[in-house]
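1. With the sequence up front, the predicted model follows.
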Amino acid sequence: MHALCLLAPFTFTSGALGVACALYVVTGLLGITLSYHRNLSRHTFRLPKWLEYTFAYCGAQAIQGDPIDWVSTHRTHHKYCDSARDPHNPINSFWFSHMGWLFKKDFIVQRCGGRNNVSDLERQFFYRFLGDTYLIHPITLAVLLYVIGGFPFVVWGMGVQIVWVYHITWFVNSVCHTWGSQSWNTGDLSTNNWWVAVLSFGVGWHNNHHVFEYSACHGLEWWQIDMTWYTVWLLRAVGLATDVKLPSPIQRQMMCSTVNAIEKL
């Protein structure tokens with residue numbers, strides 16, 4: 001995918017850029033942050049099954065792993081956050097937490113015991129099917145893009161867009177455990193980073209997420225932009241999202257840090 005991006009300057013068209021931007025929202029917001037992260041990993045809200053599966057399919061098109069694999073890694077990260085058993089432990093190195101861990105295929109099995117924390121997804125045929133047929137779906141999308149707009153749509157809709165979402169997702173693992181502010185005493189290295197939050201549709205308010213893992217909203221302050229939460233709020237307003245979990249004022253007061261926010265260099 002990174003190699004495909006080298007062709008981007010030679011294949012640029014306004015249509016190709018538009019496709020990349022549209023798929024950035026589809027795969028990044030609806031797929032990774034709303035479905036994989038807040039719905040499937042943490043169960044912060046419920047959706048009708050047809051809509052849950054639709055958004056999960058959008059996540060599969062981001063080529064970051066099938067839902068079972070992605071959710072298992074995320075849950076393991078929270079269980080062993082910033083320790084030797086964290087799949088993308090930032091203590092190893094910034095590079096390791098950003099993308100180096102992806103090149104150690106046996107790391108999670110050796111350190112954490114493999115995918116043993118996703119029985120809720122493994123019981124559902126759709127997620128097993130998506131895992132078994134995982135590569136077919138992005139290939140199908142690439143063919144569709146080629147039919148619609150030729151090679152420029154493939155370069156920008158697959159290469160540029162997917163690499164863009166790759167690194168934004170990985171910034172949460174690396175940057176948001178290295179630079180930013182800690183407003184909550186979570187006992188780990190998670191931080192709130194505004195520019196990662198903007199690029200990741202709200203996930204960059206990572207310290208907020210680590211203190212209230214069950215919350216459908218990560219931007220807990222009015223000025224903390226969280227596009228994923230705005231989408232969930234809209235889904236709730238039209239009756240599609242139910243059982244939406246948010247921290248109460250009492251819970252926030254109880255978890256409030258006893259020290260001033262720590263600015264990390």
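-> Perfect, thanks for sending it.

2. pretty sure residue 63 is touching residue 141, no?
-> No. Applying Cβ atoms under 8 Å as the test, residue 63 and residue 141 come out as separate, 9.6 Å apart. All C-beta atoms are positioned from the backbone trio N, CA, C, and that covers glycine.

3. Now the common contact residues for the two.
-> Counting by Cβ atoms under 8 Å, 6 or more residues apart in numbering, no residue touches both residue 63 and residue 141.

4. Residue 139 and residue 162, how far apart?
-> 13 Å (Cβ to Cβ, to the nearest Å).

5. The two: who's more crowded?
-> Per other Cβ atoms under 10 Å, whichever of residue 139 and residue 162 has more neighbours is residue 162, with 23 against 10.

6. Surely the more buried one forms part of a helix?
-> Yes. Assignment of residue 162 by DSSP: H, G, I helix; E, B strand; the rest coil places it within a helix.

7. Not counting its neighbours along the chain, what's nearest residue 23?
-> Leaving aside its chain neighbours, residue 23 sits nearest to residue 161 (4.7 Å; criterion: Cβ to Cβ, 6 or more residues apart in numbering).

8. pLDDT wise, what is the one you found at?
-> In this model, residue 161 is scored at 98, pLDDT.

9. how close does it get to residue 175?
-> Residue 161 is 20 Å from residue 175, by Cβ to Cβ.

10. Touching, residue 157 and residue 23? I think so.
-> Yes. Between residue 157 and residue 23 there is a contact at 5.5 Å, judged by Cβ under 8 Å.

11. Can you give me the distance of the residue nearest to residue 80 when sequence neighbours are not counted to residue 112?
-> Of all residues not flanking residue 80 in the chain, residue 86 sits nearest, at 4.8 Å (Cβ to Cβ, 6+ apart). The gap separating residue 86 from residue 112 is 9 Å, by Cβ to Cβ.

12. and if you look at residue 256?
-> In terms of Cβ to Cβ, residue 256 sits 31 Å off from residue 112.

13. Looking at the two, which is more packed in?
-> Neighbours were counted for residue 256 and for residue 112 using other Cβ under 10 Å; residue 112 has more, 21 against 11.

14. Residue 93 versus the more buried one, what's the distance?
-> From residue 112 to residue 93 the distance is 19 Å (Cβ to Cβ).

15. so where do the strands sit in the protein?
-> 180-182, 262-264 (DSSP state E).

16. Comparing those by mean pLDDT, which bottoms out?
-> strand 262-264 - the lowest mean pLDDT of the strands of the chain, at a mean of 43.
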